[in-house]
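Chemist: Below are the sequence and a predicted model for it; my questions follow.
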Amino acid sequence: MTQETLAELASLNYKYIGRVELGKADPGAAVLVRLARALAVPVGDLFETITPTDASPRLLPFADVENVTVALHALTTAIDRLLSDQLRQAAVKTPRRSR
């Protein structure tokens, strides 16, 4: 199917179709629905080419997860300490009296 034919079926400009095909335009949901209807395919089929078929989640080694967990705990503790010090200092300060 030509860009011109697809554009006509989807009620879009053929130049816009070319820009979408080249990745120079980002079609919104409404345009994707129009394209899918013009191609007589489900909208999800338009995404198959950008979704890897062998995509499996990468699992981090246990040691890395443990290191991140320890680092996050240390960071949380440091932030809590910093905030409590700031609250303590704010409570100690008393407003000055005007003379």
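Modeler: Right, received. Where do you want to start? Numbering: from 1, shown residues only.
Chemist: low pLDDT regions in the protein?
Modeler: 48-57, 92-99 (pLDDT under 70).
Chemist: 80 - rerun?
Modeler: 47-58, 85-99 (pLDDT under 80).
Chemist: Contacts only, for L6.
Modeler: 12, 14, 17, 35, 38-39 (CB atoms under 8 Å, 6 or more residues apart in numbering). (C-beta placed from N, C-alpha, C; glycine too.)
Chemist: CA-only coordinates of the helix or strand containing A7, as CSV, when you get a sec.
Modeler: According to DSSP states H and E, A7 maps onto helix 3-10. Extracted as CSV, the C-alpha positions of helix 3-10 are listed here (Å, rounded to 0.1, in the frame of the first residue of the first chain):
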residue,chain,number,x,y,z
GLN,A,3,1.6,6.3,1.6
GLU,A,4,-1.0,8.2,-0.6
THR,A,5,-3.5,5.3,-0.3
LEU,A,6,-3.0,5.0,3.4
ALA,A,7,-3.3,8.7,3.9
GLU,A,8,-6.6,8.7,1.9
LEU,A,9,-8.0,5.8,3.9
ALA,A,10,-7.0,7.4,7.2
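Chemist: roughly how far is that helix from the heart of the chain?
Modeler: 31 Å (CA atoms, centre = their mean, to the nearest Å).
Chemist: Report the next helix or strand after it in sequence order.
Modeler: helix 14-21.
Chemist: For that following helix, name the packing helices and strands.
Modeler: On a contact count with 3 or more CB pairs under 8 Å, 6 or more residues apart in numbering; DSSP states H and E, helix 14-21 meets helix 3-10.
Chemist: and the helix or strand hosting N67, what does it pack onto?
Modeler: According to DSSP H and E, N67 maps onto helix 62-92. Packing contacts for helix 62-92, counted by 3+ CB pairs under 8 Å, 6+ apart, involve no helix or strand.
Chemist: let's number from 54 now, not from 1
Modeler: Let's use 54 as the start, then, which means that last one is helix 115-145.
Chemist: Great, nothing more from me.
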